[in-house]
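Asker: Got a predicted structure plus its sequence, pasted below:
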Amino acid sequence: MRFLILQADVTESTSFFDSPWWKFTTTMAKAMLVAMWLALVFWTYKDAKRRITDPMMIGVAVATSLIFPYIGTLFYVILRPPEYLEDVLERDLEIRAREQELVGGANRCPACRTPVRDEFLVCPKCRRELKVACTNCSKPLDPSWKVCPYCANEVTGSKKAAKRVVGEEDELFA
C-alpha cells in the first residue's frame, strides 16, 4: 500500500515530460541522430572516393553532406556517378583487349587461325600462302600489291613467284 501511495505522489507532482526517463530518451534520440548524421557524412566520403576522381568534387560532396544533415547525403545519392571507378577501368581494359584481339586477327592464318609473324610467307601449320616474296629484295609482300614498298620493284607474275616460294617453303617444312 505504501508503494502505491509513493507512486501516486510521483505521478501527481510531476508530468511525464519532466520525468528522467523522458529526458534520457530524448537525449539518446538526439545522440542517435547525430551519430547517424556523422555516419552518413563518412559514408558519403567513402562512396565519393570510389566514384569520383576529382578531389575537389569529393570535398564538395562531403561538405554538402556535413553542412546539410541528411539532405546533403540525399542530394549526393541522386547526383553521384552511376559506376565505381574500378568498374569503369575494368570496362576500358576489356574494350582495349577486344580491340587488340580484332587487330591481332591480321597476324593469324586465315585458314587455321594459327598465330603467324608478319614476315611469314606461308603458314607453318597448314602451308597456306600468306604473302609473296619480292623477286628483287625477297621481302614479304601482300599478294594484292603491285609494287614492293621496300625496293620499289614492280611485282609482276606474283603468282609464279609465290608458287616458287611456296615450293621452297614446302621443302623446308618437309
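Answerer: Thanks, I have the structure now.

Asker: after the top helix by length along the chain, next one along is what?
Answerer: Secondary structure of the chain read by DSSP state H shows that its longest helix is helix 20-51. Read in the C-terminal direction, the helix or strand following helix 20-51 is helix 55-67, with elements assigned using DSSP states H and E.

Asker: From the contact counts, what lies against that following helix?
Answerer: helix 20-51, helix 71-79 (3 or more C-beta pairs under 8 Å, 6 or more residues apart in numbering; DSSP states H and E). From N, CA and C alone the C-beta is placed, and that goes for glycine too.

Asker: I'd like the average pLDDT over stretch 91-108.
Answerer: For stretch 91-108, the mean per-residue pLDDT is 80.

Asker: List the contacts of that stretch.
Answerer: The contact list for stretch 91-108 (C-beta atoms under 8 Å, 6 or more residues apart in numbering) reads 114, 115, 116, 117, 118.

Asker: Skipping adjacent residues, who's closest to the third one in space?
Answerer: Same thing as residue 116. Nearest non-adjacent residue to residue 116, counting by C-beta to C-beta, 6 or more residues apart in numbering: residue 109, 5.4 Å away.

Asker: Ok, the first one next?
Answerer: Setting aside the residues directly before and after it, residue 114 is nearest to residue 125 in space (C-beta to C-beta, 6+ apart), at 4.5 Å.

Asker: Quick check: the gap between that neighbour and residue 43.
Answerer: 58 Å (C-beta to C-beta, to the nearest Å).

Asker: can I assume residue 47 is in contact with residue 85?
Answerer: No: here residue 47 lies out of contact with residue 85, judged by C-beta atoms under 8 Å, at a distance of 11.3 Å.

Asker: With neighbour numbers in mind, choose between the two.
Answerer: Taking other C-beta atoms under 10 Å, residue 47 and residue 85 do not tie; residue 47 has more neighbours (17 against 13).

Asker: and that one, what is it in contact with?
Answerer: 76, 80.

Asker: go on, the one 4 residues further on?
Answerer: In this structure, residue 51 makes contact with 80, 81, 83, 84, 85, judged by C-beta under 8 Å, 6+ apart.

Asker: One more: residue 31?
Answerer: Not one residue lies near residue 31 by C-beta under 8 Å, 6+ apart.

Asker: State the pLDDT value of it.
Answerer: Predicted confidence (pLDDT) for residue 31: 97.

Asker: what about it, distance to residue 25?
Answerer: 11 Å.

Asker: care to break the protein down by domain?
Answerer: Annotated domains of the chain cover 2-85, 116-174 [automatic domain parsing].

Asker: Distance from the helix or strand containing residue 89 to the middle of the chain?
Answerer: Assigned by DSSP H and E, residue 89 belongs to helix 85-104. Centroid displacement of helix 85-104 relative to its chain, using C-alpha atoms, centre = their mean, to the nearest Å, is 8 Å.
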